[in-house]
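Chemist: Requesting a structural model of the entry that follows:
(chains A and B)
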Amino acid sequence: MIAEAGLASLWLAAGLAALQLILATLSFRGAIDSGRQMRGVAIVQGVLGLISFVMLLLVFARTDLSVALVAANSHSAKPFIYKVAAAWGNHEGSMLLWVTVLAVAGAILALYSRRTSERTLVAALGAQAALALGFYTFLLTASNPFTRLFPAPLEGQGFNPLLQDPGLAFHPPTLYFGYVGLSVAFSLAVGALFTGEVDSRLARAMRPWVLGAWVLLTLGITAGSYWAYYELGWGGWWFWDPVENASLMPWLAATALLHSINVLAARGALKAWTMMLAVIAFSMSMVGTFLVRSGVLTSVHAFAIDPQRGAFLLVLLALYVGAAFTLFAVRAPALREGAPFELVSRETGLVVNNLILSVILGTVFVGTLYPLFIEAVSGEKLSVGAPYFNAVAGPLALVLAMLVGVGPLLSWRREGRPVLRRLVVPALVGATMLAITILVAPAIGLLSRAALAVGMYLIAASVVPLVSRNPFRAPLATWGMVVAHMGMGVALVGAAANAAFTQERLAVAQLGETLKVGPWLVQLQSVRPTAGKNWTALEAELLASRGQGRLTLRPQTRYFTSPQAETNEAAIETFWNGQLYTVLGKQDPSGGWQLRLWWKPFVTLIWLGGAMIALGGAVAMAGRIRRRRRAARNEWLRR
Amino acid sequence: MKPKNQRLALIAAALVALVGAVLLAMLGLKEQAAYFLTPADIAAGQAVEGRAMRLGGMVEKGSVVRLPDGVSIRFIVTDGKARTPVAFRGIVPDLFREGSGVVAEGRMSGSTFIADTILAKHDERYMPPQLGDLQAEHKAGKTLDK
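Modeler: Purely as a prediction, here's the structure:
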């Protein structure tokens, strides 16, 4: 019954989305005035979507094997949390999660949006309904998560062991909230393009969605990176896998949007530009998700699905993106020009920020889709990997980081206080770092060396906006910006230190033998079998010592029974100045064991930086909420 | 700047960024894209010495040789038409087996393929599409042979 209830609410939600779209069209044409009714419809649609997803969670929690999706992706002997997480660790479930978040976001927009005019809101809710309707149709016709299986099998087929990790429980939903949060920015932009009301009010209505989505995307990407780092056992933190690019592209667009939306909110400038970015940001979310999910790209994240479904998704994608771009092309020339600004001004700084981010986005986009394009044209298969992305995006990111130090010091509209004088100290910090790396480590790569220097400069430069004023009276939004910009510097330093100073040791060790990696001596003490709920494993005991310090690491090779698979569980020990990363390999015919050891100085700064960037966004959001509360209270007191 | 000129300047900047991105990407791709080749392609002389590429095929039965250092192996990848020797140093992935599919990333050095990374079929539902094609071809070849 639970599955049927879920399916029924999905159908009802789809019907309401259609109704919402019709109401929007009618009231936009002036035939009826249905703003209030539409809000109600959007809210009920969100609730029904949520009910449908909760029903899916319930069938997974109870391992109801008469539901085909559960039988294909779960197993009764699995830990409870992975039974639930399996609900979105597959194609149908993840699509249901996607459309649920879309519907709920529409409901929240209907509930809380007071800033835009009623006309724009109606058009935006219509756009949101059009988006949801397409995905409901996809789920109901081609990808039903509630299909029953008769007769029900006695046992499920289990769940990809790589995905059985606490990281899985939170990483995809976080990213999805981020992706789909951008859908509201998209719908608002589409609505405003219809009504022509692109102004600072719209920007203020859009900003919390962009900021919130961006924070979640940042968190999701950071968490995903760390998850891949410890789970895959390859010692890398970013592989330029298509699905990683799929999350990076909307993030880059959202980062650009986040900055340009401030220009629109504060100065009423960059109107068409900001609308364009809002359209691109969510388009990138869709491109990313559906290219990956449709199975056309080679990726570990590509759930193998039948080509028909892939084609359905691609058509849907082309339809939405095409329609939005056409609307933009038709309506953008009619927008009035924004407020003027001088060449040296914060507006220009933000335009430059946007241009560099767009170029990075463009190169990542081309690199990700090029293999598809070539295969379609000539049938040749090729892959574009880290060498391309590092060579192209790396230097651009460094140029961006240099300018991130400058931008916040510029004044709105016109040239203000001299800027370069305030950057003397950060420049000296960067130069010192450069000198140190040349003296201490003359052999490291050019890009790593530059990134170390630029990263240190940026860390110093990011706090300059707080200097020469009372930092505790600075608005929270400024604090958020400082923390996020500093996070970018920290992440750069971490990535560069990892690339430049990582030491690797790969060898066969007999029991009792000691290997040296970086400052560490690692002794293989024993290899023993061990077992978990649905796996057995070989576990090595390694005694690592550096000077006086000693500690034990226990890397494992796990054998899962359902489905059959092996995974490496790396053992990682974190210190203030780096991580010791150990992986157990296969047994050698001589009786020794393959060990792979890394000493990775300051690698943790990568994720610390990512977390700081997200935290900065969260602080800025808190600041805006506090300001609005205060304003509301003052108004109330005045009455 | 007048608002109208400012808009023109912004459009120009956006176009420059767009064209710049595409040019940069094309330049990078010309240098860095790794072609996916099979042993037959290599036998036909399609591989450029020292350039990053991917080699895909089946690990030939009985061809895996472990070297004395314990962490290097040599094996032969075949697609039924030609054979390419591969050298690899590292821990092979869990599902690397003789007679099963493999994709190796690396470069040609002489007649040997030096692999930096080996990707093996992980689990049927998470198989990279490229490998899926190859296996289908391989199976088709097998049935024809019989």
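
Chemist: Which positions within stretch A:140-158 qualify as buried?
Modeler: Neighbour-count burial for stretch A:140-158 flags A:142, A:143, A:144, A:145, A:146, A:156, A:158 (criterion: 16 or more other CB atoms under 10 Å in any protein chain shown). C-betas here are computed from N, CA, C, even on glycine.

Chemist: Could I get the full set of strands for chain A?
Modeler: In chain A, the strands defined using DSSP state E lie at A:381-383, A:503-509, A:514-517, A:520-531, A:535-546, A:549-553, A:556-560, A:565-569, A:571-575, A:578-587, A:593-601.

Chemist: okay, the angle between the fifth one and strand A:520-531?
Modeler: What separates the directions of strand A:535-546 and strand A:520-531 is an angle of 160 degrees, with axes from the mean of the first three to the mean of the last three CA atoms, to 10 degrees.

Chemist: for the second one, same thing?
Modeler: Orientation note: strand A:503-509 sits at an angle of 60 degrees relative to strand A:520-531 (the same axes, to 10 degrees).

Chemist: Strand A:503-509 packs against which elements?
Modeler: Contact partners of strand A:503-509 among helices and strands, from 3 or more CB pairs under 8 Å, 6 or more residues apart in numbering or on different chains; DSSP states H and E: strand A:514-517, strand A:593-601.

Chemist: go on, the shortest one?
Modeler: Based on contacts counted as 3+ CB pairs under 8 Å, 6+ apart, the elements that strand A:381-383 packs against are helix A:346-378, strand B:34-37, strand B:53-59.

Chemist: where does residue 39 land on pLDDT?
Modeler: Reading this off chain A. Note for residue A:39: predicted pLDDT of 88.

Chemist: Sorry, I should have been clearer: chain B.
Modeler: What the model reports for residue B:39 is a pLDDT of 89.

Chemist: hang on, it packs against residue B:84?
Modeler: Yes: using CB atoms under 8 Å, residue B:39 is in contact with residue B:84, at 4.2 Å.

Chemist: what touches both of the two?
Modeler: Counting by CB atoms under 8 Å, 6 or more residues apart in numbering or on different chains, the residues touching both residue B:39 and residue B:84 are B:55, B:57, B:77, B:78.

Chemist: Go through chain B and flag its longest helix.
Modeler: The longest helix of chain B (DSSP state H) is helix B:3-32.

Chemist: what does the stretch 501-639 of chain A put close to chain B?
Modeler: For the stretch 501-639 of chain A, the contact set with chain B under CB under 8 Å from any CB of the partner chain comprises A:506-508, A:557, A:563, A:565-568, A:583, A:585-586, A:588-590, A:592, A:594, A:596.

Chemist: can you rerun that using 6 Å?
Modeler: A:506, A:508, A:563, A:565, A:566, A:585, A:588, A:594, A:596 (CB under 6 Å from any CB of the partner chain).

Chemist: Hmm, residue A:521 is touching residue A:515, no?
Modeler: No: the criterion here is CB atoms under 6 Å, and residue A:521 misses it with residue A:515 at 7.6 Å.

Chemist: the more surrounded of these two?
Modeler: Per other CB atoms under 10 Å in any protein chain shown, whichever of residue A:521 and residue A:515 has more neighbours is residue A:515, with 19 against 15.

Chemist: nearest to residue A:368, of the strands of chain A?
Modeler: Of all these, it is strand A:381-383 that lies closest to residue A:368, at 10.6 Å by CB to CB.

Chemist: Any stretches of chain B with poor pLDDT?
Modeler: The model of chain B has pLDDT under 70 over residues B:1-4, B:94, B:120-146.

Chemist: centroid residue for the chain?
Modeler: Unless you meant another one, I'm taking chain A. With distances taken as CA atoms, centre = their mean, chain A has residue A:217 as the residue nearest its mean C-alpha position (3.2 Å).

Chemist: my bad, chain B
Modeler: Centrality entry for chain B: nearest residue to the mean C-alpha point is residue B:54, 1.9 Å, by CA atoms, centre = their mean.

Chemist: shouldn't it be in contact with residue B:35?
Modeler: No: the criterion here is CB under 6 Å, and residue B:54 misses it with residue B:35 at 7.1 Å.

Chemist: For residue 20, the count of nearby residues, please.
Modeler: I went with chain A, as the question did not name one. Neighbours around residue A:20, by other CB under 10 Å: 29.

Chemist: meant chain B, my bad for not saying
Modeler: So residue B:20, with other CB under 10 Å, has 17 neighbours.

Chemist: Could you pull up the contacting residues of residue A:183?
Modeler: By CB atoms under 6 Å, 6 or more residues apart in numbering or on different chains, the contact list for residue A:183 reads A:102, A:131, A:282.

Chemist: change it to 7 Å
Modeler: A:102, A:105, A:128, A:131, A:282 (CB atoms under 7 Å, 6 or more residues apart in numbering or on different chains).

Chemist: cool, residue B:38 as well?
Modeler: The neighbourhood of residue B:38, defined by CB under 7 Å, 6+ apart, consists of B:56, B:57, B:79.

Chemist: Kindly indicate which of those lies nearest residue A:56.
Modeler: residue B:56 (36.9 Å).

Chemist: which non-adjacent residue is nearest the residue nearest to the centre of chain B?
Modeler: Leaving aside its chain neighbours, residue B:54 sits nearest to residue B:36 (4.6 Å; criterion: CB to CB, 6 or more residues apart in numbering or on different chains).

Chemist: so that neighbour sits right up against residue A:381, yeah?
Modeler: Yes: contact criterion CB atoms under 7 Å: residue B:36 and residue A:381 qualify, at 3.5 Å.

Chemist: before we move on, back to that, out of the helices and strands packed on strand A:503-509, nearest to residue B:17?
Modeler: Across the helices and strands packed on strand A:503-509, closest to residue B:17 is strand A:593-601 (CB to CB), at 35.2 Å.
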